[in-house]
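A.B. asks: predicted model, plus sequence, below.
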Amino acid sequence: MATTRIDIEEAPWTSAVPFYGPNAVYDGRDVIQLKVLSDRRAEGGGIAWIVRFQPPPGKMIKIVAVALSDEHIFNLRGGRSTKSGQPARSGGYSLNPTGQPHSAMLAQETETLVIYTGEPDEIRSLEVLDVESAATSLPVS
């Protein structure tokens, strides 16, 4: 196989609905978008993308998922939030091993590089919540 090279600045943002489901659109706007960098699942490999989360003002995106393969997450800009919408310390890199249930809350525009060693996450739920109500309705994970 030849080397794959992508000009990240020129690559278009696409809808995340095929991977994250219909709730990746809120009020008619994509709040989650992807730049798919490579997809080698047909050859037994994984998929890599840059994902951009854009919660509307005063809102938070809450995702609950299960890793269907090892998921490597490199934060590029922005980051996770606490239940009250404040920035959370997450270190910049995370690994969700295959089978790991996990969640994320994002209250600010965030971009991350995500590399799956096989299939991407199974999204169990994706919601856009008011930051104020999220602080009282979200379980700790």
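C.D. replies: Noted; the coordinates are in hand. Residues are numbered from 1 along each chain as shown.

A.B. asks: just for this structure, where's the confidence low?
C.D. replies: Residue ranges of the chain with pLDDT under 70: 90, 133-141.

A.B. asks: which residues touch S81?
C.D. replies: Taking C-beta atoms under 8 Å, 6 or more residues apart in numbering, we find S81 in contact with M60, P87, A88, M105, L106, A107, Q108. C-beta here means a position set from N, CA and C on the backbone, and glycine is covered the same way.

A.B. asks: so what's it closest to, chain neighbours aside?
C.D. replies: A107 (3.8 Å; C-beta to C-beta, 6 or more residues apart in numbering).

A.B. asks: in this structure the one you found contacts K62, no?
C.D. replies: No - in this structure, A107 is not within contact of K62 by C-beta atoms under 8 Å, at 9.6 Å.

A.B. asks: of those two, who's got more company?
C.D. replies: A107 (27 against 23; other C-beta atoms under 10 Å).

A.B. asks: quick one, phi/psi of the more buried one?
C.D. replies: phi -110, psi 0 (degrees, to the nearest 10).
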